[in-house]
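**Student:** quick one: sequence and predicted model below, then my questions.
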Amino acid sequence: DQILRLKVIKFLVDNFGSFRTIAAGGSITGMYITIAGLFTSRFAIALGMIVMGSASLLNAFHFSRKDLLSSFSRNKLTFASSIFLLLSVVTSFIGSEETGFAMIRFRLYIGFLLIPLILMFSPQLKISHYKNYLLYALSSALIVSILIVLVYFNDYTAISKALDGGQPIPTPIPHIRFGMFMSLTFIGCLYALLNGFYSGASRKFLLMGIPILFFSIVFLSIRTAWLVTAIGTMSILLYDTIKTKNYKILVAASLVLLITAFGSYRLIPSVNTKVNYMVWDWNQYKSGNGQTYSDSERGYSLINGLDLWKQNFLLGVGSGDMDSSLAKNAIKLNLPVSKIPHNQFLLTAVCGGMLSLIFLLLGLVTPLLNPSNRKSFPLLLMMLLYFITMIFEPTFETSIGVLSYVFLISLILKNIRHFALIRDK
C-alpha cells in the first residue's frame, strides 16, 4: 500500500506539478463550479461537488497514518452525522416490497458522505478564499436574476397568465431551490457587510448588490425565499442587537420589511398576482374545492401523509411502497390528489417510521454536539434556515437539496474557527 501510494504521488507530481497544488486547485475550482451551479444548473452543482470530492480524495494520499487518525478524530461527529442521515434511508427499506423509489433515495443520501471526505482531506483554505466565494455568489445571483427579470418583461403576457394559475416565474433550476439560494446569498452578504468583512471596492459592490438582490427576491415571488430572507435578516439583526445593545437598526429593519411587504403587493405585479392566488387557493381548499391547485395539494399531501404515518408509526410503509401506499390511502380518505408529503420530516416518517425520523434528526443535530460548532452563528443560522425549508418542502429528496446542504455545511465547518470569530473581525 505504501509503495502504491508513493507511485501515485510521484505520477501526479511528475505529470501535473506539485501534489498539494493539484488538490488545492481542484478544491477551489470545485467551489466556483458549485456556486455557479446553485443559480444555473443542477448538473454544475453535481460536477462541482465531484471535483471537490476528487480533490479531497487526492489530498488524502498526502496524509500519513498519524494525520489520518488525527483528522478522523477531529471530524468524528460529522462522520457520525453523515452515517445517521444515510441510515434514515437504509432503515426505510424495511418492509418495502418495491425498491425503485427506495434506491433513488439511497443514491441521493450517499451524497452526505462527501461531508466527512471534504472535511477530513480537502486542503485548508485562507479566509480570503471565502471572501471571494461570497462575492462570486453575489455576482452570479445578480446576473441570473437580472436575466430572469428581462425574460419576464419580454414574455409578460404568457408568464402573467401562468402566475394567475399558480405557476412560478421560470428559473434555471427549480424555483424553490433557486429562491432559497438567492436568499442565502443575500443573508450571507448582509452578515458580511454588517460585520465589516469587506472594505474598499468589495464593500461598495456589496452596498450596490444587496439592494438589487433583495428586490429580485421580492420580485420572483417565491414564498420560501420570502420566508428565508425575512427570518435570516431578522436573526442577523437580533444577533447584532444583542451584541451591541443598539435597537435602532432592528426597529428600522422591521419597519422596512413591513413597508416592503405592503408596497410590493401594491406596486409589483408578480407579487400582487402571487398573493391573490394564495388567498384564492386557500379559500378553495377551505371550501373543499381545492382539487389539484398547488397550495391545496400541499395541504392534502400533509393530511394523507400524517394519516399513513399513524397507521405505520414505528417502521413506516417502506420507501419503495410509499407512492402506492399514499395513493391507496388518498382514496380511503376521499382526497382528490395523492402527492408525497411536502415536509421532509413527515416524508421520512412515512417511509421509515419513527426509526428513520430519529436517524434524520440525529444526523441534523450531531454536528452541534461540538462546542466550537455551537459558537458559530453562521453555522447555526444556516442549519435553522434549512430546517425551516424542510418544514415546507422535502428538501433532501432532490440532488440539489442534498448537495447544497453538503456544500454549505462543509464550507463552514472546514473553517469553523474563522466563522466563529467573524463577528470580531
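**Tutor:** Yep, it's here.
**Student:** ok, V365 - contacts?
**Tutor:** Residues counted as contacts of V365 (C-beta atoms under 8 Å, 6 or more residues apart in numbering): none. Where C-beta positions appear, they are placed from N, C-alpha and C, glycine not excepted.
**Student:** gap between it and L238?
**Tutor:** Distance, V365 to L238, using C-beta to C-beta, to the nearest Å: 22 Å.
**Student:** need the pLDDT of the nearest residue to N370 once chain neighbours are set aside.
**Tutor:** Distances taken as C-beta to C-beta, 6 or more residues apart in numbering put L77 closest to N370, at 5.4 Å, once the chain neighbours are dropped. Looking at L77, its pLDDT is 93.
**Student:** what's the helix or strand for L77?
**Tutor:** Taking DSSP states H and E as the definition, L77 sits inside helix 76-90.
**Student:** how about L125?
**Tutor:** Secondary structure assignment for L125, by DSSP H and E: no helix or strand.
**Student:** next one: phi and psi at it?
**Tutor:** Note on L125: backbone dihedrals following degrees, to the nearest 10 are phi -100, psi 160.
**Student:** same thing with the one 4 residues further on?
**Tutor:** The phi and psi values for H129, taken as degrees, to the nearest 10, are phi -60, psi -40.
**Student:** my read is that it contacts I28, right?
**Tutor:** Yes - taking contacts as C-beta atoms under 8 Å, H129 lies within contact range of I28: 6.7 Å.
**Student:** what about these two, which has more around it?
**Tutor:** Legend: neighbour count by other C-beta atoms under 10 Å for H129 and I28, higher for I28 (18 against 15).
**Student:** what kind of secondary structure is V337 in?
**Tutor:** Secondary structure, DSSP: H, G, I helix; E, B strand; the rest coil: V337 is coil.
**Student:** distance of it from L238?
**Tutor:** Look at V337 and L238: by C-beta to C-beta, they are 39 Å apart.
**Student:** so for the two, which residue has more residues nearby?
**Tutor:** Neighbour count, other C-beta under 10 Å: between V337 and L238, V337 has more, with 16 against 13.
**Student:** what's the per-residue pLDDT of that one here?
**Tutor:** 82.
**Student:** look up how far G305 lies from it.
**Tutor:** Per C-beta to C-beta, V337 is found 12 Å from G305.
**Student:** tally of neighbours for I45?
**Tutor:** I45 is flanked by 27 other residues according to other C-beta under 10 Å.
**Student:** kindly apply the preceding question to L306 instead.
**Tutor:** Neighbour count for L306, taken as other C-beta under 10 Å: 14.
**Student:** can you tell me the closest non-neighbouring residue to it?
**Tutor:** Among residues not flanking L306 along the chain, L346 sits closest, at 6.4 Å (C-beta to C-beta, 6+ apart).
**Student:** does the one you found touch K310 like I think?
**Tutor:** No - between L346 and K310 there is no contact under C-beta under 8 Å: 11.1 Å.
**Student:** with neighbour numbers in mind, choose between these two.
**Tutor:** L346 (22 against 9).
**Student:** just the element for that one, please.
**Tutor:** Here L346, judged by DSSP H and E, is contained in helix 344-365.
**Student:** send the alpha carbons of the host helix or strand of R177 over as CSV?
**Tutor:** Counting by DSSP H and E, the element that carries R177 is helix 175-194. Taking Å, rounded to 0.1, in the frame of the first residue of the first chain, the C-alpha atoms of helix 175-194 are listed here in CSV:
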residue,chain,number,x,y,z
HIS,A,175,-37.8,27.8,-8.4
ILE,A,176,-38.0,26.9,-4.7
ARG,A,177,-34.3,25.9,-4.6
PHE,A,178,-33.3,28.9,-6.7
GLY,A,179,-35.1,31.3,-4.4
MET,A,180,-33.5,29.7,-1.4
PHE,A,181,-30.0,30.1,-2.8
MET,A,182,-30.8,33.7,-3.7
SER,A,183,-31.9,34.3,-0.1
LEU,A,184,-28.9,32.6,1.4
THR,A,185,-26.6,34.7,-0.7
PHE,A,186,-28.4,37.8,0.4
ILE,A,187,-28.2,36.8,4.1
GLY,A,188,-24.5,36.0,3.8
CYS,A,189,-23.8,39.3,2.1
LEU,A,190,-25.8,41.2,4.7
TYR,A,191,-24.0,39.5,7.6
ALA,A,192,-20.6,40.2,6.0
LEU,A,193,-21.5,43.8,5.4
LEU,A,194,-22.7,44.4,9.0
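**Student:** helix or strand right after that helix?
**Tutor:** Downstream of helix 175-194, the next assigned helix or strand under DSSP H and E is helix 200-220.
**Student:** okay, the angle between that next one and helix 175-194?
**Tutor:** Helix 200-220 and helix 175-194 meet at an angle of 150 degrees, taking axes from the mean of the first three to the mean of the last three C-alpha atoms, to 10 degrees as the criterion.
**Student:** what comes up buried for the helix or strand following helix 200-220?
**Tutor:** Proceeding N to C from helix 200-220, the next assigned helix or strand is helix 223-244, under DSSP H and E. By 16 or more other C-beta atoms under 10 Å, the buried positions in helix 223-244 come out as 224-233, 235-237, 239-241.
**Student:** thanks a lot, see you next time.
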